[in-house]
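1. Give me coordinates for this.
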Amino acid sequence: HPLILVEKSRRTRISWITCCFDVWIAAGGQDPRWIDERSGRQILMGSTENRQVILASRKLEDIQGSQWFLHNRVKFIVDTLFKNNVRDHWPSFPDWEWTAGEARTSNGSYINAIASGPDQARGAGCTLVHAEEIAFWPNARPSIEGMLPVLLGGGHLIAITTAQVGTYAHDIVKDDAH
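-> Numbering: from 1, shown residues only. Now for the predicted structure:
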């Protein structure tokens, strides 16, 4: 499904799994089982290059900020893949370059770290938005609603949060987010 919200308890490793998915998307991962149920078209199968992943968190820096996820989870995953000879199993796995808020691959894909905020994700379309701990974002509703336009035309949103009653994330779970 193009829009997924995982309301979790602590220590479920869903953030790690989603960071692995971020890497897979940026590296050009392909899966013929990804079919859009409405149109019957394959999703993400047109190209293995030039994909855009946005990694969003409540804040940009410090522990649990989006840059922290980029460098302490995503980079760790990529480094571990290379240590374990990923190209023996995935020969076209791209090279990666890292800056404070971005991972750039040799296939033209990016993973960008951004803070929450209604105007942070505006701009060109993207393949995937990975949003961490949305129940704790100030201005969560305008932040999430501001991300949706960049997903038009086939993008996906995976939002992850620890359960928290009385938040926009909880309203989404209850299907009460008007």
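2. Which residue would you name as the spatial centre of the protein?
-> Taking C-alpha atoms, centre = their mean, the centroid of the chain lies closest to residue 130, which sits 2.4 Å from it.
3. Can you give the contact residues for the helix or strand harbouring it?
-> Residue 130 is part of strand 128-132, with elements assigned from DSSP states H and E. Contacts of strand 128-132 with the rest of the structure, by C-beta atoms under 8 Å, 6 or more residues apart in numbering, involve 15, 18-19, 21-22, 25, 51-58, 64, 66, 69, 116, 121, 144, 147, 150-151, 155-161. Heads up, the C-betas are built off the backbone N, CA and C, glycines and all.
4. and what of stretch 14-33?
-> Residues from elsewhere that reach stretch 14-33 (C-beta under 8 Å, 6+ apart): 6, 8, 42, 44-45, 47-49, 51, 53, 55, 69, 73-74, 77-78, 81, 90, 92-94, 103, 105, 107, 109-111, 127-128, 130, 132, 158, 160.
5. which SS class is residue 97?
-> Counting by DSSP: H, G, I helix; E, B strand; the rest coil, the backbone at residue 97 sits in strand.
6. Who does it form a beta bridge with?
-> In this structure, residue 97 has the following beta-bridge partners (DSSP bridges): residue 104.
7. How many neighbouring residues does the closest residue to residue 73 other than its chain neighbours have?
-> In space, and not counting its chain neighbours, residue 73 is closest to residue 19: 4.3 Å by C-beta to C-beta, 6 or more residues apart in numbering. The burial count assigned to residue 19 is 24, neighbours taken as other C-beta atoms under 10 Å.
8. Can you give me the separation between residue 19 and residue 128?
-> When distance is defined by C-beta to C-beta, to the nearest Å, residue 19 is 11 Å away from residue 128.
9. any idea which helix is longest in the protein?
-> In the chain, taking DSSP state H as the definition, the longest helix is helix 14-26.
10. buried stuff in it?
-> In terms of neighbour count (16 or more other C-beta atoms under 10 Å), helix 14-26 has its buried residues at 14, 15, 18, 19, 20, 21, 22, 23, 24, 25, 26.
11. closest to residue 173 among these?
-> Nearest to residue 173 among the buried residues of helix 14-26 is residue 14, at 14.6 Å by C-beta to C-beta.
12. Show the pLDDT at that closest one.
-> Taken from the predicted model, the pLDDT recorded for residue 14 is 90.
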